[in-house]
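Student: Okay, sequence plus prediction incoming.
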Amino acid sequence: MSDAVLPLLIALPLLAATLPLLAGLWFENAGWPVAMTTSLLVSALAGWLTWTVSPWGTTGSQRLVHDLAGYPAPYGIELVGDGLSAIFALLIAVVAVAVLVYGRTTGPQTDAFYSGYLLLTGGLLGMALTGDLFNLFVFLEIVGLVSYALIASNDDGQAAYGALKYLFLGTTGASLYLIGVGYAFVATGTLNMRDMAIELAAVGYTDPLVQAAFGFVLVGFMLKIAIFPLHTWQPDAYTHAPDTVTAYIAALVSTTAAYALIRIAYGVFTVQFFAANPLITDAVLLVASVSIVVGSLLALLQTDIKRVFAYSSVAQFGMILAAIALQSETALFGAVIHLVGHGLMKAALFTGAGVLNSAYGARTVADYAGLAKRAPITSGMMAITGLALVGIPPSVGTLGKWFIALGAV
Amino acid sequence: MTESLFAVVTTRHAYVLFVLLSAIGLYMMIANEHLVKKIIGLNMFQTGVFLFFIASAYRVGGSAPIVEAGNGPYVSPLPHVIVLTAIVVGVSLTAVGLALSIRLYSEYGTLRADALREVIGDE
């Protein structure tokens, strides 16, 4: 019975997404209460899920599985709640509530915005909980579509341009992922993640079809995560989106894509794939390292504060990609901690930047000079979060980077 | 070498077409400066991917997958379902892309990406 929480977590925000528009026909400003109630409910469900699958919960660190429409696993679509997916579901729910609190005063106050917000939450939760490769593509595209629309909801042409650029690159990424899934499907005849892991081992990890499948999936996700040579959509999209949307998207969209890559790399292709293909592993490590260095350098060169944070994301996700290719348990543990920590820190930084922008019109690094006198609390919090992002102990940034570095040596 | 190439073209032509369609679509999306043509290129790229899935479902002598006693073999129904879903996704993407293009046109009066870059001062 307890596995009913999995479809509920996805269906609740998706169904509630229709309510702000419907209620808008009769009431004014109905969007925020609906979105807040739903997000709180989702948080409670996600918290309960995390507790249940944790070692102290009722199932004792077992995975929860729900077969959609009652079709059993390799044939139907299954939703999976295990330790990893529950953490990300909880992260999504908590950030959704936190950003909504901020959006109460700042955000676009239209009903359509809150509908989009709930759709995005539902799509992200779907990506976190699905156990089926094609179902993941569908949720990936739901998240993509709603992100484009939300980014363009700012009232200037540049936002539309940024969103269109993101649309071209994001769709190409998702289609490349679909080609990868197609190759893996032709090789194994299944789409269920667990089942495919078994079948792929039977086909052999050095089979060219399997290697090509992984290559397409990897490049597709690199576009979605914004790893260095494929990051060009990210600064434009983040800079011109409304502040509320930037905080939400920067915290969660790339993070969930990176989570999906971890799940596919280790849950489907498994660590033996990396061991059997040293060339692929080295290439991923190289790209990830370049992304860390170049992302940081580009962040240094920017003057707009939102662009600085956007390029910093490129560097941080390079670190996470490197941790994936290191094939070490310690590094992977660090990657998960850093993903969660980075999501929370980026949400805090972008909301801080939004507050300073709406209160004092400060958008560039030069504008920030002397702001600490006028807004001591906001600036202080941003400074602390910035230090945590750099990795000054004792912060979550240190912890993640420490374990990634420990896994690398 | 030429013999094997010949065999690929004659027996695997659907896959050759998939590579061609996808590559041409992708190139069109990157190289063409017109926003609507970029969207058409994107559609072509996706259509190529759909063709790949449909081709992978085919079996020699297979009939439509409506199960009756002793009527096999059937073509695989799963890729068809996947393509149906992916088409829906593709259509909504096209709609969003075109809507954004309309907004850009009403704002800047052009649909050319190079002109837009000049006006906006990208990078």
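Tutor: Yes, it's here.

Student: How about the residues of chain B by chain A?
Tutor: Neighbours of chain A within chain B, by C-beta under 8 Å from any C-beta of the partner chain: B:22, B:26, B:29, B:35, B:38, B:42, B:45-46, B:49, B:52-53, B:56, B:78-79, B:82, B:85-86, B:89, B:92-93, B:96-97, B:100-101, B:103-104, B:107-108, B:116, B:120, B:122. For the C-beta atoms, the positions are set from N, CA and C on the backbone; glycine is no exception.

Student: Among those residues, which are located in helices?
Tutor: Using DSSP state H, B:22, B:26, B:29, B:35, B:38, B:42, B:45-46, B:49, B:52-53, B:56, B:78-79, B:82, B:85-86, B:89, B:92-93, B:96-97, B:100-101, B:103-104, B:107-108, B:116, B:120 are the members of the residues of chain B next to chain A that sit in helices.

Student: Tell me, how many residues neighbour the closest residue in space to residue A:395 that isn't next to it in sequence?
Tutor: Excluding the flanking residues, the one nearest residue A:395 by C-beta to C-beta, 6 or more residues apart in numbering or on different chains is residue A:388, at 3.5 Å. Residues near residue A:388, counting by other C-beta atoms under 10 Å in any protein chain shown, number 22.

Student: Buried among the ones in helices among the residues of chain B next to chain A? Make that a ChimeraX selection.
Tutor: In ChimeraX, a selection of the buried entries from those looks like this (16 or more other C-beta atoms under 10 Å in any protein chain shown):
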select /B:22,26,29,35,38,42,45,46,49,52,53,56,78,79,82,86,89,93,96,97,100,101,103,104,107,108,116,120
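
Student: is it true that residue B:80 touches residue B:56?
Tutor: No - if you go by C-beta atoms under 8 Å, residue B:80 and residue B:56 don't touch, sitting 10.5 Å apart.

Student: who touches the residue of the stretch 151-300 of chain A at minimum distance from chain B in this structure?
Tutor: Nearest residue of the stretch 151-300 of chain A to chain B: residue A:157, at 3.5 Å (C-beta to the nearest C-beta). When contacts are counted by C-beta atoms under 8 Å, 6 or more residues apart in numbering or on different chains, residue A:157 touches B:103-104, B:107-108, B:120.

Student: Mind pulling up the pLDDT for residue A:61?
Tutor: In this model, residue A:61 is scored at 57, pLDDT.

Student: burial measure for the nearest residue to residue B:19 once chain neighbours are set aside, as a count.
Tutor: Excluding the flanking residues, the one nearest residue B:19 by C-beta to C-beta, 6+ apart is residue B:48, at 7.6 Å. Here the number of neighbours of residue B:48 (other C-beta under 10 Å) works out to 21.

Student: Same question for residue A:389.
Tutor: 23.

Student: any chance of the contacts of residue A:157 in CSV, with pLDDT too?
Tutor: Shown next, in CSV, are the contacts of residue A:157 (pLDDT from 0 to 100):
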residue, pLDDT
B:103, 90
B:104, 90
B:107, 87
B:108, 87
B:120, 79
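
Student: ok, back up a step: could you report the distance from the residue nearest to residue A:395 to residue A:80?
Tutor: 31 Å (C-beta to C-beta, to the nearest Å).

Student: Over to residue A:263?
Tutor: Distance from residue A:263 to residue A:80, by C-beta to C-beta: 9 Å.

Student: can you list residues touching both of the two?
Tutor: residue A:193.

Student: Specify the local secondary structure of residue 9.
Tutor: If you meant another chain, say so; for now it's chain A. With DSSP: H, G, I helix; E, B strand; the rest coil as the basis, the three-state label of residue A:9 is helix.

Student: Could you list the low-confidence segments of chain B?
Tutor: Within chain B, the ranges that satisfy pLDDT under 70 run B:1-2, B:69-70, B:122-123.

Student: Just want the residue of chain B that's nearest chain A.
Tutor: Relative to chain A, the nearest point of chain B is residue B:107 (3.5 Å; C-beta to the nearest C-beta).

Student: Now that residue: closest residue in space that isn't a chain neighbour?
Tutor: Here the residue nearest residue B:107, using C-beta to C-beta, 6+ apart, is residue A:157, at 3.5 Å.

Student: interface residues of chain A facing chain B?
Tutor: Residues of chain A lying near chain B (C-beta under 8 Å from any C-beta): A:134, A:137-138, A:141, A:144-145, A:148-149, A:152, A:156-158, A:160-161, A:163-164, A:167-168, A:171-172, A:175, A:178-179, A:182, A:185-186, A:191, A:236.
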